[in-house]
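*Asks:* could you work out the structure for the sequence below:
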Amino acid sequence: MTKAGDDGSNRQLRRKPSEKREIMKRKILDAAVQVMESNGVMDLNMGELAQRLNMRSPSIYEYFDGRTGIYDALFEWGVDAFHSQVVSATNEARSFEEGCEAIFMSFRNFAQNQPVLFNLIFCGSAPDFHLSPATRKKMTEGMETGIDYLTQMMNEENIQPPIRLEEAALIVEILIRGLAMHVVAPHLRPASKADEYEVLLSSVIRLLKQDSLDAQER
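*Replies:* Residues are numbered from 1 along each chain as shown. The predicted model follows:
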């Protein structure tokens with residue numbers, strides 16, 4: 001039974017120190033994204049970040065190892081979010097082509113909805129930042145999962161390109177990522193033209209299948 005006065009504010013006061021710490025870390029990351037949205041991914045200013053949080057700059061170092069620690073945490077956060085989107089999208093795919101289109105749309109939607117995280121993860125927008133071993137491992141595992149998925153889909157459809165399936169899957173993944181980066185680049189072309197890229201992706205997939213048929217006939 002709920003006691004009188006047991007409202008949200010009282011529950012907040014009873015939070016464990018570890019829970020309060022995680023909440024504060026998330027607030028810092030959210031504020032960091034806002035700073036980078038205004039200034040660019042490379043220009044994460046700790047003073048401005050502290051001002052947004054109404055705290056002193058040294059206090060941030062109690063939660064993260066400076067800019068590098070914040071970049072690393074955002075990178076890991078973004079990889080997890082992107083991976084979840086891809087898994088959800090590809091679960092609905094029933095063919096290699098549908099799977100490629102699902103991955104493309106995941107890249108595109110992530111770039112549009114989370115531009116800071118997309119630029120940090122896929123565009124190398126923070127050149128002085130180096131991933132921690134744990135985050136690098138997570139990124140590598142995510143890429144390998146994508147390659148394995150595309151390889152499996154090609155296997156199921158008996159697509160046999162003139163190179164190893166894993167190599168073909170990697171090329172397709174690079175193409176998908178490049179198309180997604182191009183379609184959201186404001187100085188190149190508006191995102192409303194995304195359907196043109198889907199046609200291009202479909203054409204490449206058809207060529208891959210045709211190469212496979214030609215190889216089997218020879």
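
*Asks:* check contacts around the residue nearest the centre of the chain.
*Replies:* Nearest to the geometric centre of the chain sits residue 82, at 3.7 Å (C-alpha atoms, centre = their mean). Each residue near residue 82 by C-beta atoms under 8 Å, 6 or more residues apart in numbering is listed here: 106, 110, 114, 117, 121, 142. Where you see a C-beta, it was placed from the backbone N, CA and C, and this is true even at glycine.

*Asks:* let's see 6 Å
*Replies:* residue 110 (C-beta atoms under 6 Å, 6 or more residues apart in numbering).

*Asks:* let me see the backbone angles for residue 114.
*Replies:* phi -130, psi 60 (degrees, to the nearest 10).

*Asks:* and the pLDDT at it?
*Replies:* pLDDT, residue 114: 91.

*Asks:* what is the burial count for it?
*Replies:* Residues lying near residue 114 (other C-beta atoms under 10 Å) number 19.

*Asks:* related to what we said a few turns ago, what average pLDDT does the helix or strand where the residue nearest to the centre of the chain lies get?
*Replies:* Here residue 82 sits within helix 66-90, counting by DSSP states H and E. For helix 66-90, mean pLDDT is 93.

*Asks:* next SSE after that helix?
*Replies:* helix 96-113.

*Asks:* what's the first helix or strand after that next one?
*Replies:* Next element after helix 96-113 (DSSP H and E): helix 115-122.

*Asks:* mind checking how far that following helix is from the chain centre?
*Replies:* 7 Å (C-alpha atoms, centre = their mean, to the nearest Å).

*Asks:* the very next helix or strand once past that helix versus helix 96-113: what angle between them?
*Replies:* Downstream of helix 115-122, the first helix or strand assigned by DSSP H and E is helix 133-156. Helix 133-156 runs at 150 degrees relative to helix 96-113, counting by axes from the mean of the first three to the mean of the last three C-alpha atoms, to 10 degrees.

*Asks:* check which residues of the next helix or strand after helix 133-156 are buried.
*Replies:* Heading C-terminal from helix 133-156, the first helix or strand you meet, by DSSP H and E, is helix 165-183. Of all the residues in helix 165-183, those buried under the rule 16 or more other C-beta atoms under 10 Å are 165, 168-170, 172-173, 175-177, 179-181, 183.

*Asks:* and the residues you listed, which two are the farthest apart?
*Replies:* 165 and 183 (26.7 Å; C-beta to C-beta).

*Asks:* hang on, the earlier thing: could the buried residues of helix 165-183 be laid out in CSV, adding distance to residue 156?
*Replies:* Listed next are these as CSV, based on distance: C-beta to C-beta, whole Å:
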residue, distance to residue 156
165, 11
168, 14
169, 13
170, 18
172, 15
173, 17
175, 20
176, 19
177, 23
179, 24
180, 24
181, 28
183, 28
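
*Asks:* the helix holding residue 82 to helix 115-122, inter-axis angle?
*Replies:* Using the same axes, to 10 degrees: helix 66-90 against helix 115-122 is 90 degrees.

*Asks:* mind listing what's buried along helix 66-90?
*Replies:* Within helix 66-90, judged by 16+ other C-beta under 10 Å, the buried ones are 67-79, 82-83, 85-86, 89-90.

*Asks:* likewise for stretch 140-147?
*Replies:* Result for stretch 140-147 [16+ other C-beta under 10 Å]: buried residues 142, 146, 147.

*Asks:* which of the residues you listed sits closest to residue 50?
*Replies:* Nearest to residue 50 out of these is residue 142 (C-beta to C-beta; 31.8 Å).
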